[in-house]
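# Predicted model, plus sequence, below.
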Amino acid sequence: MAEAKIKVLKDGPYEVHGDVELLDAKRNPIPVTERPFYLCRCGHSANKPFCDGSHKEVGFKANGTS
């Protein structure tokens, strides 16, 4: 199994590498079709929890690294 790594992209999403199982709030699996995958941080994605690039359109600026 590949080690899980999460990279915080500047003013963008979380980039997730490795064998990570993604679960919703009720612990149901969320299918992941691509690796690495990107998780939204800006809150504007139409494809949550995944990033769809909306952070670029809304001018998302992160405070710090999370």
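The structure has been received and is ready for your questions.
# which residues touch the residue nearest the centre of the chain?
The residue lying closest to the centre of the chain (Cα atoms, centre = their mean) is L39, at 0.9 Å. For L39, the contact set (Cβ atoms under 8 Å, 6 or more residues apart in numbering) comprises 13-14, 16, 49-51. Placement of C-beta: from N, CA and C, glycine included.
# residues contacting V58?
So V58 contacts 42, 44 (Cβ under 8 Å, 6+ apart).
# pLDDT wise, what is it at?
Looking at V58, its pLDDT reads 97.
# so what's the backbone phi/psi at it?
phi -90, psi 0 (degrees, to the nearest 10).
# measure it to A25 for me?
Distance from V58 to A25, counting by Cβ to Cβ, to the nearest Å: 24 Å.
# part of a helix, is K26?
No - secondary structure of K26 (DSSP: H, G, I helix; E, B strand; the rest coil): coil, not part of a helix.
# which residues are contacting stretch 40-52?
With Cβ under 8 Å, 6+ apart, stretch 40-52 has contacts from 8, 12-14, 22, 30, 37-39, 54-55, 57-58, 60, 62.
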